[in-house]
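**Q** here are the coordinates; sequence isn't available:
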């Protein structure tokens with residue numbers, strides 16, 4: 001049984017990514033599971049190439065520093081030739097209607113002029129990511145489930161038309177974790193790509209910056225500390241962050257503190273200590289480009305080797321080799 005999970009370098013990794021995904025990957029990952037930085041997916045909209053390249057390297061360093069074994073991590077673009085070939089095979093297997101029905105394409109292209117073709121076709125690239133590595137399961141949220149269903153359909157169609165090559169993957173919903181909100185605007189999720197980073201705690205933020213962001217977190221003017229997410233989202237967000245960092249329940253955390261100042265100091269302390277080894281490890285890797293490049297090349301070679309026989313079999317069966 002193998003799983004494939006990816007993270008897109010649309011911005012810096014934040015505490016929500018770490019608590020919601022990276023920690024789980026470290027705790028639950030099996031020997032056959034793979035994790036990748038999906039930098040090709042970040043090219044479907046306008047982007048800065050140099051910044052994207054830097055963010056991909058940064059995310060690779062963070063994943064390794066978080067405790068994910070380096071041999072299970074790769075950067076998507078390092079397999080660009082393999083993925084490009086398999087994506088073409090799958091595009092020759094898919095229909096236009098299947099791609100155009102993708103909900104994310106409809107939402108992201110709505111009202112926009114000059115939409116990139118890649119925004120339409122990237123679910124086929126996602127299918128290539130999955131099928132190349134022979135993943136049995138793909139942990140995704142509801143917004144990506146439709147894309148995994150496309151991968152399932154293409155695997156079945158290719159296998160039935162040309163010959164058995166691909167594992168038919170299935171989408172699995174990861175365990176529900178804390179839904180970390182923006183500290184400056186609790187009405188929205190914390191996001192890598194937000195333009196205003198005042199309410200986003202990034203994994204590589206220095207301790208004093210984390211403390212300032214937490215101290216400025218939006219709460220409310222009430223005198224008691226109670227966990228009521230619907231009525232008091234700002235306070236609930238702080239309680240959920242502290243609970244996730246300490247392994248307690250938000251209701252328990254609320255009872256341990258008597259003032260907002262005390263709570264914010266406790267949240268800042270917990271986040272700083274939780275992220276300290278990750279920040280230090282990632283910065284050490286980023287300060288040693290030769291070592292990071294060595295690890296990156298080794299991960300790419302292992303991922304390419306793992307998928308090579310599927311790619312060659314698919315090309316041969318479809319008539320291209």
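**A** Sure thing, it's come through. For clarity, every value in this text was computed on a predicted model and none was experimentally measured.
**Q** wait, residue 308 sits on residue 82?
**A** Yes: under the criterion of CB atoms under 8 Å, residue 308 makes contact with residue 82 at 7.4 Å. For the C-beta atoms, the positions are set from N, CA and C on the backbone; glycine is no exception.
**Q** of those two, who's got more company?
**A** Higher neighbour count among residue 308 and residue 82: residue 82, with 19 against 12, using other CB atoms under 10 Å.
**Q** where in the stretch 151-300 of the chain is pLDDT low?
**A** 176-178 (pLDDT under 70).
**Q** redo that, cut-off 90
**A** For the stretch 151-300 of the chain, the stretches with pLDDT under 90 are 173-179, 192-197, 220-223.
**Q** quick one: the strands in it?
**A** For the stretch 151-300 of the chain, strands defined by DSSP state E, counting those that start in this stretch occupy the ranges 170-172.
**Q** can you map out the helices along it?
**A** Taking DSSP state H, counting those that start in this stretch, the helices of the stretch 151-300 of the chain run over residues 207-215, 233-246, 250-256, 260-286, 289-318.
**Q** pick the most buried one from those helices.
**A** Mean neighbour count (mean count of other CB atoms under 10 Å) peaks for helix 233-246 among these, with a mean of 23.
**Q** quick one: contacts of the helix or strand encompassing residue 81?
**A** Here residue 81 sits within helix 80-91, counting by DSSP states H and E. With CB atoms under 8 Å, 6 or more residues apart in numbering as the test, helix 80-91 has contacts from 40, 76, 121, 124-125, 127-129, 131-132, 154, 158, 304, 307-308, 310-311, 314-315, 318, 320.
**Q** if we can go back for a sec, to residue 117, which of the helices of the stretch 151-300 of the chain lies closest?
**A** Proximity to residue 117 (CB to CB) singles out helix 289-318 among the helices of the stretch 151-300 of the chain, at 22.0 Å.
**Q** elements contacting the closest one?
**A** strand 34-37, helix 49-66, strand 73-75, helix 80-91, helix 117-133, helix 260-286 (3 or more CB pairs under 8 Å, 6 or more residues apart in numbering; DSSP states H and E).
**Q** and the longest one, how far out from the chain's middle?
**A** Right, helix 260-286. With CA atoms, centre = their mean, to the nearest Å as the basis, helix 260-286 stands 20 Å off its chain's centre.
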